[in-house]
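S.K.: make a model of this:
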Amino acid sequence: MPQTVIISIFKYQGARKKWKALGRMGRSPLIKASIPGLTFWKALGSGSGNGFSIWPDFSTFGLLTVFNSEIEAKDFLASDSIGLYTEECSKHTHVLMHTVKAHGKWSQQEPFVATKAYEKSKPLAVITRATIKPKLAYKFWKYVPSVSKSMEGHEGLIYSKGIGEWPLLMQATFSLWKTGDDMMQYAYQNKKHADMVKKTRALEWYSEELFARFHPFEILGDLID
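M.R.: You can find the predicted model right below:
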């Protein structure tokens, strides 16, 4: 069975539960757990608003996990390890996906293996991730708000959130689209996004970057409609 990627988003209410969720960023239950088939994982915080902000959102956290097979991925979602994340959250969603394209590295690894052919009429998820050079962080965050604003309400966008391992310097984005065509229209026809891509290439903001596309095949939970 093909490699399966899960992006999990958890939303918490109340100061105590948010504090415990923040603590799991540094002391994830996955650190010492022996989980069959797990090849890569990252605990993720998020930014306020739609996530593309220097200000953290202490109510929303993410978890990225990559498994050798669908069976192992679904066994994980039925396990106590993920139960520690979901038992106190008010809402959560698990998006199960197959990779259709990936290039770049994350923590010096290439975690995603393309196992499915891209079909433009199918739903598409995108993860972008980058480590921003500290000396260029100011310029990066100067441009990000206007670009993220341009995504709001865009036709075909189901959900988007800025996530990351470390505030300001280690950033990722997750977006979910009704079809691949919808995402491509935003990526290549939205002027603010196109300008951001040009600045990225010209200014060389990143010391490490990754871009990956996926076809979701199952969405569980109640956070994403």
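S.K.: residue 81 versus residue 69, what's the distance?
M.R.: Using CB to CB, to the nearest Å, residue 69 is found at 17 Å from residue 81. Quick note: C-beta positions are derived from backbone N, CA and C, even for glycine.
S.K.: which one's more surrounded, these two?
M.R.: Per other CB atoms under 10 Å, whichever of residue 69 and residue 81 has more neighbours is residue 81, with 18 against 14.
S.K.: is it true that that one touches residue 30?
M.R.: Yes: using CB atoms under 8 Å, residue 81 is in contact with residue 30, at 6.2 Å.
S.K.: do a quick rundown of the helices in the protein.
M.R.: 15-26, 70-77, 80-86, 137-151, 180-189, 191-203 (DSSP state H).
S.K.: lowest average pLDDT across those?
M.R.: Across the helices of the chain, helix 191-203 has the smallest mean pLDDT, namely a mean of 56.
S.K.: can you tell me the centre-most residue of the protein?
M.R.: residue 174 (3.7 Å; CA atoms, centre = their mean).
S.K.: which residues touch that residue?
M.R.: Residues in contact with residue 174 (CB atoms under 8 Å, 6 or more residues apart in numbering) are 7, 9, 62, 125, 126, 127, 159, 160, 161, 163.
S.K.: by neighbour count, which of those wins?
M.R.: That'd be residue 163 among the contacts of residue 174, by other CB under 10 Å, with 27 neighbours.
S.K.: contacting residues for residue 103?
M.R.: Residue 103 neighbours (CB under 8 Å, 6+ apart): 210, 211, 212.
S.K.: distance of the closest residue in space to the first one that isn't next to it in sequence from residue 165?
M.R.: Yep, that's residue 210 we're talking about. Excluding the flanking residues, the one nearest residue 210 by CB to CB, 6 or more residues apart in numbering is residue 104, at 3.5 Å. Distance of residue 104 to residue 165, computed by CB to CB: 15 Å.
S.K.: looking at the two, which has the bigger crowd around it?
M.R.: residue 165 (19 against 15).
S.K.: ok, longest strand in this structure?
M.R.: strand 206-221 (DSSP state E).
S.K.: packing partners for that one?
M.R.: With contacts taken as 3 or more CB pairs under 8 Å, 6 or more residues apart in numbering; DSSP states H and E, strand 206-221 sits against strand 91-104, strand 124-132.
S.K.: strands paired with that strand, and their directions?
M.R.: According to DSSP bridges, strand 206-221 forms sheet pairs with strand 91-104 (antiparallel), strand 124-132 (antiparallel).
S.K.: adding mean pLDDT, write these out as CSV.
M.R.: Formatted as CSV, the strands paired with strand 206-221 follow (pLDDT from 0 to 100):
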stretch, mean pLDDT
strand 91-104, 96
strand 124-132, 87
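S.K.: for residue 38, find the nearest of those.
M.R.: Among those, the nearest to residue 38 by CB to CB is strand 91-104 (14.2 Å).
S.K.: give the buried residues for the closest one.
M.R.: 92, 93, 94, 95, 96, 97, 98, 99, 100, 102 (16 or more other CB atoms under 10 Å).
S.K.: wait, what's in contact with the third one?
M.R.: So that's residue 94. 6, 7, 8, 77, 219, 220, 221.
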